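>>> Here is a sequence together with a model predicted from it:
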Amino acid sequence: SQCGVHTYAPQRTKKAAFRLKSSAVLITQELPARPSSRESTSVPQDNKGEARGFASSKLSVLRKHPYFADLEPEAFEQLCRYAKHSALKRGTPIFAKGDPPTSLFAVISGTVKISISSPDGRNAILNLIGPGEIFGEMALLSGHDRSADATANTNCEMFTIDRREFVPFVRSQPSLAMKF
């Protein structure tokens, strides 16, 4: 699996402590493909033979969501191959109003704030998205730009599924397409 960590170099302050120039840190990890149900029904293994319980337990967030709960095992495994894991620090922007819809998101832990800003600069919170919830799917499927801002309200873990993979997947799953 590939893992990318994006952070900023620390600055030394007068008290010999360190502080970051920015508190936003994004860690992404592409999940390895899961074996098909014909190959194995046990806990997935990585290339060293060690169990990847981490990925399996977090993927249950997708399996438990009403959109995906009824998918056949092969279809669910295909969906999981598209899911990319990320960890975000509190305050990290996820997308902004007017952005093109490139992904949908599933929250594993933490909360995401969906908000809009008024012309006078006031911020209105429309929703707080918590663990087990999905957001960004309506703009993704309609193709319309984002209608609000999404920001990590707390430290968060989430899965991101790219539009280029999700839209054809939905088209290939009529029962899933009917849920939207």
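Great, that's in hand.
>>> hey, where'd the strands end up in this structure?
Using DSSP state E, the strands of the chain run over 3-6, 10-12, 18-20, 26-30, 84-88, 93-95, 103-109, 112-117, 123-129, 134-135, 149-152, 156-162.
>>> can you tell me which of the ones you listed comes nearest to Lys179?
strand 134-135 (11.1 Å; C-beta to C-beta). Bear in mind the C-beta positions are built from the backbone N, C-alpha and C, glycine included.
>>> Quick one: list the elements packing against that closest one.
Contact analysis of strand 134-135 by 3 or more C-beta pairs under 8 Å, 6 or more residues apart in numbering; DSSP states H and E lists strand 103-109 as its packing neighbours.
>>> for the protein, which spans come out with low pLDDT?
Residue ranges of the chain with pLDDT under 70: 1-57.
>>> how about a cut-off of 90?
1-71, 118-123, 137-143, 167, 170-180 (pLDDT under 90).
>>> circling back to that earlier point, distance to Pro73 and mean neighbour count for the strands of the chain - can I get that in TSV?
Formatted as TSV, the strands of the chain follow (distance: least, C-beta to C-beta, whole Å; neighbours: other C-beta atoms under 10 Å):
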stretch	distance to Pro73	mean neighbour count
strand 3-6	27	10
strand 10-12	46	10
strand 18-20	43	11
strand 26-30	21	15
strand 84-88	21	19
strand 93-95	30	19
strand 103-109	18	21
strand 112-117	29	18
strand 123-129	27	14
strand 134-135	20	20
strand 149-152	31	22
strand 156-162	18	21
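>>> can those strands go into a markdown table with extra columns for distance to Pro66?
Listed next are the strands of the chain as a markdown table, based on distance: least, C-beta to C-beta, whole Å:
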| stretch | distance to Pro66 |
| --- | --- |
| strand 3-6 | 31 |
| strand 10-12 | 43 |
| strand 18-20 | 39 |
| strand 26-30 | 26 |
| strand 84-88 | 22 |
| strand 93-95 | 22 |
| strand 103-109 | 12 |
| strand 112-117 | 18 |
| strand 123-129 | 15 |
| strand 134-135 | 9 |
| strand 149-152 | 21 |
| strand 156-162 | 16 |
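>>> for those, which one sits closest to Ala75?
Per C-beta to C-beta, nearest to Ala75 of these: strand 156-162, 13.4 Å.
>>> between that closest one and strand 103-109, how many degrees?
160 degrees (axes from the mean of the first three to the mean of the last three C-alpha atoms, to 10 degrees).
>>> All set now, cheers.
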